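[1] Any chance you could fold what I've pasted below:
(4 chains)
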Number of protein chains: 2
Amino acid sequence: MNATRPATAPPAAPGNPIQVMLEAPLSLRERKKLKTRQTIRREAYRLIAEQGYENTTVDQIAAAAEISPSTFFRYFATKEDLVLTDEYDPAMIEALLARPSDEPFLRSCREAVIGMIRHLLEHEREELLVRMRLVRDVPALRARMMDSANDPRQLYLTVLTRRAGVPEPTFTMRIAATALAAATTETVLQWAESEGAEDIADLVDRTFAVLENGFAGL
Amino acid sequence: MNATRPATAPPAAPGNPIQVMLEAPLSLRERKKLKTRQTIRREAYRLIAEQGYENTTVDQIAAAAEISPSTFFRYFATKEDLVLTDEYDPAMIEALLARPSDEPFLRSCREAVIGMIRHLLEHEREELLVRMRLVRDVPALRARMMDSANDPRQLYLTVLTRRAGVPEPTFTMRIAATALAAATTETVLQWAESEGAEDIADLVDRTFAVLENGFAGL
DNA sequence: CCATCTTTTGAGAGTTACTGTCATTTGACA
DNA sequence: TGTCAAATGACAGTAACTCTCAAAAGATGG
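    All right, here's what the predicted structure looks like:
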């Protein structure tokens, strides 16, 4: 995560660590890679917006991005990853681990989730909405969204395990992480359902209220 | 079996409704269909046990079941459906609706889930274990398992909505159904993880304990 | 039992997401 | 500038589906 390893004196960049990480000095190669990745995504979203997800083929996307289809799969393992991949997990883990470890886990999560979402709303609200709409509408995406590789479950599990200082997660932790991941994901989907009209922080609050109260009143 | 003619006076068959439903007079056509379906599944499981899920092609399954590949897809919309399709939802819904409607929903669920699982263990423990092992090991299956079409989420949602006597599920209900579905599915997967050694009823109890107590102690 | 209608099936061709290989290009670095 | 490693493109292949159409088999009315 620091300089490209190119031991060639990266210029010191002060500021918050995330910024630093994002604006780290990149070699020409890596700048190109990043640019290609962005181009692919941009062209893909454009085509998908025009024609729909299923009607847009990888070949079309590759053509629009001016790369070969082979190259597409070097950037995204599957077509679904175009929509499902993000890079927030490390930040989430950090935010969660930063909370006092004697705080109830649900509370830690609520704070971390709300913090993350605030950040997303500020910086890429539109993209988030587009993505969630797609996940909402395309069955293949909805399914994959819940896959353990891509979803927050592993994240919660990691944090729970580390907080408890045990080597392996317990049964209870697995259940908690799974339920929590499903609930938070569903919350964002419900926000997309309202086309972003609802206050997502409020929705998150209501979600955690259900969980904290043991599903009371149902 | 008898009555090749469903339209005219099916013989009254007393007994429990499920039995009746299952042993209903079937036309020759329908009996054949059922048999084909069973053959496909049996041959598929056999091949999968020998070669693994990914290495077993639909063409192989079709050949083993002595049908054409086209026909395979008339019986199972996708290869995944071979493993993921079951017919327990109606019984689950009934069991849930049969519980007193002033009972806390979580308690109703626990009872219904345990009842259903007891039934499964008695009648098809091995098949359940095989299926859950597959779901556990094959990413594509794990992913699809969580898809709203195949999972218990819709089921819980239906019951919650009907119990409340409202036309549309509320946000809270959606969250609850989602979390609950994820938790129960994960429980069965964890049971498969132990190769069926753990007492599944005990696992279910522990799962509901986590949910009822608002994830306390984590 | 026959004639007709409907459902089920098989054959085959086509699409698309993905995989693997190999030669060529391009940036890194000395 | 020359050498090496990473990135790319061209190409061939696989397997899960989809569609269409004609043949086979069960259902139905006489």
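[2] From A:Thr39, how far out is A:Pro69?
    15 Å (Cβ to Cβ, to the nearest Å). C-beta here means a position set from N, CA and C on the backbone, and glycine is covered the same way.
[3] And the strands in chain A?
    Remark: no strands are assigned in chain A by DSSP state E.
[4] Would you map the helices across chain A?
    A:17-22, A:28-51, A:58-65, A:69-75, A:81-84, A:89-98, A:105-137, A:139-145, A:152-164, A:171-193, A:200-212 (DSSP state H).
[5] among the ones you listed, which is the most enclosed?
    helix A:171-193 (a mean of 23; mean count of other Cβ atoms under 10 Å in any protein chain shown).
[6] what residues does chain A put near DNA strand D?
    A:Arg29, A:Lys32, A:Lys33, A:Thr36, A:Glu66, A:Ile67, A:Ser68, A:Pro69, A:Ser70, A:Thr71, A:Arg74, A:Tyr75 (Cβ under 7 Å from any atom of the strand).
[7] can you tell me how far the residue nearest to A:Glu195 when sequence neighbours are not counted sits from A:Thr184?
    Once flanking residues are discounted, A:Glu195 sits nearest to A:Leu129: 7.4 Å by Cβ to Cβ, 6 or more residues apart in numbering or on different chains. Using Cβ to Cβ, A:Leu129 is found at 17 Å from A:Thr184.
[8] Could you pick out the residues of chain A near chain B for me?
    A:104-106, A:139, A:142-144, A:146-149, A:160, A:164, A:171-176, A:178-183, A:185-187, A:190, A:203, A:206-207, A:210-216, A:218 (Cβ under 8 Å from any Cβ of the partner chain).
[9] re the thing from before, could you dump the residues of chain A next to DNA strand D to a markdown table with pLDDT?
    A markdown table is the format used below for the residues of chain A next to DNA strand D (pLDDT from 0 to 100):
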| residue | pLDDT |
| --- | --- |
| A:Arg29 | 91 |
| A:Lys32 | 95 |
| A:Lys33 | 95 |
| A:Thr36 | 97 |
| A:Glu66 | 97 |
| A:Ile67 | 97 |
| A:Ser68 | 97 |
| A:Pro69 | 98 |
| A:Ser70 | 98 |
| A:Thr71 | 98 |
| A:Arg74 | 97 |
| A:Tyr75 | 97 |
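[10] in chain A, which residue is closest to the centre?
    A:Asp86 (4.0 Å; Cα atoms, centre = their mean).
[11] Which of the helices of chain A sits closest to B:Arg153?
    With Cβ to Cβ as the measure, helix A:171-193 is the member of the helices of chain A nearest B:Arg153 (8.5 Å).
[12] Run the chain-centre distance for the closest one.
    Relative to its chain's centre, helix A:171-193 lies at 13 Å (Cα atoms, centre = their mean, to the nearest Å).
[13] So for that helix, mean pLDDT?
    For helix A:171-193, mean pLDDT rounds to 95.
[14] Run through the neighbouring helices and strands of that helix.
    When contacts are defined as 3 or more Cβ pairs under 8 Å, 6 or more residues apart in numbering or on different chains; DSSP states H and E, helix A:171-193 sits against helix A:105-137, helix A:152-164, helix A:200-212, helix B:171-193, helix B:200-212.
[15] quick one on the thing from earlier: of all pairs in the residues of chain A next to DNA strand D, which one is the farthest apart?
    Most distant of the residues of chain A next to DNA strand D, by Cβ to Cβ, are A:Arg29 and A:Pro69, 21.5 Å apart.
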